[in-house]
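Colleague: only the shape, not the letters, is given here:
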């Protein structure tokens, strides 16, 4: 009897502990599921803004960020409130910094964000209706990049929905790690100052017809121009390269500013600078001049490079340059040698591509070598130094530092042909167009993908039958440039290659080691929107994709989710994420209720009367005190938690409304 009495006296504490566990499970499991990441999470809020340039105010889009990866590059002039701060994301892998991103859509239309040049699994790639559903208005989604590894180097994140990238929804993404000790001038690179220059174009219009301006008007013009020639178009002709881009831009920016308000940065005399050039423009290639400074190419598209033609067993060296071309969506890292002389300024000048004058637009930043800021208001937005048209001369001088041995095509299973045909992006990949929403009113899977087998190496022979240049980007796979215009090379590792107009050709090779459906397209905004896109897809997934390979019905409005060709898209539609959120909440409640049931059953068998943690007074189920559970639920009433699920096997990553 004494033992039984002691047991009853101790049971209220045990019951209270178990009930407390039930309380925590019930209240906080959805929250833990939604925010189950460490303090390295970066939140990117997609929202509208305006930008005034000259006499015109443009409606633009932007990222507003928070979190440890969100960084700001501050100029000494102009002041921060006048645009002297450039937002960016910076991750240092050597400090074990991870990279998780929660994207929040504050727009009235869908969006989806692609980390350009990173190689995550397909469900994180950020291509709407292909790798995932679009992120709907008022929704959020989490991308756990750290689980799959990051590629170190210079990259950028941008919207992959409609024209949003060209409307300003892009931000630099810099992933830092130590330079290999065997890389040429590694010590100097490690000690160099780090400066990012992000190039953009604003205000599209048609060359020779400046009254045709704005995304919608330009799109309509390009469609009409194609309709006039479509019936008699000669797909096999090799036209002369154009002397100008068909789509021009009213304004050109470097780090968000025009040249007459250029960002100015202090540089120490005698200290080298690692200049990270990112072409984030919608359609413009730039020739970047270093103002007389000696430069050496460190990396392209985030990948280390050295001068080609040097045997692997010989000391390697960097390619020396005084200026470089950087094509749309390409990146190039330059090691600039800064003289020891003080009181000097240098302009890093980006001139828009074009061989027709009398002038060309330009942008740039100013390097101040222990010098006071200069008056940039007097700097002209144009120059009479015509840069001409981009070529591939630098491409032929580069080789990948990672792969100094034989070209990758030695073990190739096969070569695909990718002819860039048609014009303005229409009928432009092997005489076909493949458009996606919102340009298309419904999603249809690509009828002509490049089918590959996992683990094999493939090459793609690309020839540009258009008079205009095309910037070709492959998602999910770095590729090796092994031939330029008929000349075999042991070239750079890239994710974007520029093919000048006039029948330039190149051969690239890649290892098929990242299963899924991957976009392969021209990165020039209007070309991609009008259908200059195909896909690389894995045969191992083909039977799974087969039942999804039909078109959806018309998208009645911009918030209607569409099925993905993947067996399980990574979310975006409210109908999908609400199911996942509901499942999480129900699961948490069931666990909590099961624990409560188990404890109450013990209490019933014991005949105890404690139970105060549940009710507030004695064992009464209707006590007046309200209890801890009642008070806690009262405080939480009306709150909602975002639940983000991650299921690699099903290629799922869902988002919920917030």
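Modeller: Cool, the structure landed. Everything numeric in this text was worked out from a predicted model, so none of it was measured.
Colleague: could you measure from residue 364 over to residue 348?
Modeller: Using CB to CB, to the nearest Å, residue 364 is found at 5 Å from residue 348. To be clear about C-beta, it is placed using only N, CA and C from the backbone, and glycine gets the same treatment.
Colleague: can you list residues touching both of these two?
Modeller: Common neighbours of residue 364 and residue 348, using CB atoms under 8 Å, 6 or more residues apart in numbering, are residue 254.
Colleague: report the contact partners of residue 400.
Modeller: 303, 304, 305, 480, 490, 491, 492, 493.
Colleague: any idea of the pLDDT on it?
Modeller: Residue 400 is assigned a pLDDT of 95 by the prediction.
Colleague: before we move on, back to that, pick out whichever of residue 364 and residue 348 has more residues nearby.
Modeller: Shown here are residue 364 and residue 348; by other CB atoms under 10 Å, residue 364 has more neighbours (29 against 26).
Colleague: mind pulling up the pLDDT for that one?
Modeller: 98.
Colleague: next: residue 106.
Modeller: 98.
Colleague: name the element the residue lying closest to it once chain neighbours are set aside belongs to?
Modeller: Once flanking residues are discounted, residue 106 sits nearest to residue 47: 4.3 Å by CB to CB, 6 or more residues apart in numbering. In the assignment (DSSP states H and E), residue 47 maps to strand 41-53.
Colleague: so which of the contacts of residue 400 comes closest to residue 241?
Modeller: Set against residue 241, the nearest of the contacts of residue 400 by CB to CB is residue 491 (21.6 Å).
Colleague: excluding its backbone neighbours, what's nearest the closest one?
Modeller: residue 481 (3.3 Å).
Colleague: so where's the protein uncertain?
Modeller: 1-40, 147, 405-411, 541-550, 552-658 (pLDDT under 70).
Colleague: all helices for it, in order.
Modeller: Along the chain, the segments classed as helices by DSSP state H run 2-34, 186-191, 215-229, 525-529, 542-546, 574-606, 612-615, 627-636.
Colleague: contacting residues around the nearest residue to residue 235 once chain neighbours are set aside?
Modeller: Leaving aside its sequence neighbours, residue 235 sits nearest to residue 421 (CB to CB, 6+ apart; 4.9 Å). Going by CB under 8 Å, 6+ apart, residue 421 touches 235, 427, 428, 429, 430, 431, 465, 466.
Colleague: what do you get for residue 198?
Modeller: Taking CB under 8 Å, 6+ apart, one finds 86, 88, 156, 170, 172, 254, 255, 256, 278, 280 in contact with residue 198.
Colleague: I'd like the distance between residue 263 and residue 374.
Modeller: 12 Å.
Colleague: joint contacts of those two?
Modeller: Counting by CB under 8 Å, 6+ apart, the common neighbours of residue 263 and residue 374 are residue 366.
Colleague: bridging residues for the most centrally placed residue in the chain?
Modeller: Taking CA atoms, centre = their mean as the criterion, residue 115 is the residue nearest the geometric centre of the chain, at 2.1 Å. With DSSP bridges applied, residue 115 shows beta-bridge pairing to residue 157.
Colleague: report the separation between it and residue 145.
Modeller: 7 Å.
Colleague: next: residue 46.
Modeller: 18 Å.
Colleague: what is the burial count for the closest residue to residue 511 other than its chain neighbours?
Modeller: Once flanking residues are discounted, residue 511 sits nearest to residue 457: 5.3 Å by CB to CB, 6+ apart. By other CB under 10 Å, 18 other residues sit near residue 457.
Colleague: was I right to think residue 457 contacts residue 413?
Modeller: Yes. Look at residue 457 against residue 413 with CB atoms under 8 Å: they come within range, at 6.1 Å.
Colleague: neighbours of the nearest residue to residue 331 once chain neighbours are set aside, how many?
Modeller: Excluding the flanking residues, the one nearest residue 331 by CB to CB, 6+ apart is residue 154, at 4.4 Å. With neighbours defined by other CB under 10 Å, the count for residue 154 comes to 26.
Colleague: contact partners for residue 154?
Modeller: Contacts of residue 154 (CB under 8 Å, 6+ apart): 172, 174, 196, 276, 277, 278, 299, 301, 302, 331, 332, 333.
Colleague: the first one and residue 156 touch, don't they?
Modeller: Yes. Using CB under 8 Å, residue 172 is in contact with residue 156, at 5.1 Å.
Colleague: between the two, which contacts overlap?
Modeller: Residues touching both residue 172 and residue 156 by CB under 8 Å, 6+ apart: 198, 278, 280.
Colleague: run a quick neighbour tally on the second one.
Modeller: Look at residue 278: counted by other CB under 10 Å, it has 27 neighbours.
Colleague: what of residue 256?
Modeller: Number of residues near residue 256 (other CB under 10 Å) recorded here: 18.
Colleague: and residue 57, by the same measure?
Modeller: 10.
Colleague: ok, now how distant is it from residue 284?
Modeller: The gap separating residue 57 from residue 284 is 21 Å, by CB to CB.
Colleague: for residue 87, what are its contacts?
Modeller: Contacts of residue 87 (CB under 8 Å, 6+ apart): 63, 65, 70, 71, 72, 171.
Colleague: tell me the contacts of the residue nearest to the centre of the chain?
Modeller: Residue 115 is in contact with 124, 126, 143, 145, 155, 157, 173, counting by CB under 8 Å, 6+ apart.
Colleague: closest one to residue 77 out of those, please.
Modeller: For the contacts of residue 115, the closest approach to residue 77 (CB to CB) belongs to residue 173, at 25.7 Å.
Colleague: quick one: residues contacting the closest one.
Modeller: 88, 89, 91, 115, 116, 118, 155, 156, 157.
Colleague: same thing but at 10 Å, please
Modeller: Listed by CB atoms under 10 Å, 6 or more residues apart in numbering, the contact set of residue 173 reads 69, 88-91, 99, 101, 115-118, 145, 150, 153-158, 196, 278, 302.
Colleague: show me these that map onto strands.
Modeller: 88-91, 101, 115-116, 153-158, 196, 278 (DSSP state E).
Colleague: please report how far the residue nearest to residue 235 lies from residue 234.
Modeller: Residue 421 is 10 Å from residue 234, by CB to CB.
Colleague: joint contacts of these two?
Modeller: With contacts taken as CB under 10 Å, 6+ apart, residue 421 and residue 234 have residue 465 as neighbours in common.
Colleague: once you drop chain neighbours, what's closest to residue 296?
Modeller: Once flanking residues are discounted, residue 296 sits nearest to residue 318: 3.8 Å by CB to CB, 6+ apart.
Colleague: and that neighbour, how far from residue 489?
Modeller: Distance from residue 318 to residue 489, by CB to CB: 17 Å.
Colleague: now residue 214
Modeller: 41 Å.
Colleague: so those two - more neighbours on which side?
Modeller: Comparing residue 214 with residue 489 by other CB under 10 Å, the one with more neighbours is residue 489, at 20 against 12.
Colleague: contacting residues around the residue nearest to the more buried one when sequence neighbours are not counted?
Modeller: Computed as CB to CB, 6+ apart, the closest residue to residue 489 that is not its neighbour in sequence is residue 396, at 5.8 Å. Contacts for residue 396 were tallied using CB under 10 Å, 6+ apart; they are 308, 309, 481, 483, 484, 485, 487, 489, 491, 492.
Colleague: let me know the closest of those to residue 230.
Modeller: Distances from residue 230 to the contacts of residue 396, taken by CB to CB, are shortest for residue 485, at 28.7 Å.
Colleague: considering the contacts of residue 154, which possesses the most neighbours?
Modeller: Counting neighbours by other CB under 10 Å, residue 331 leads the contacts of residue 154 with 29 neighbours.
Colleague: quickly list what that one is bridged to.
Modeller: On the basis of DSSP bridges, residue 331 is bridged to residue 278.
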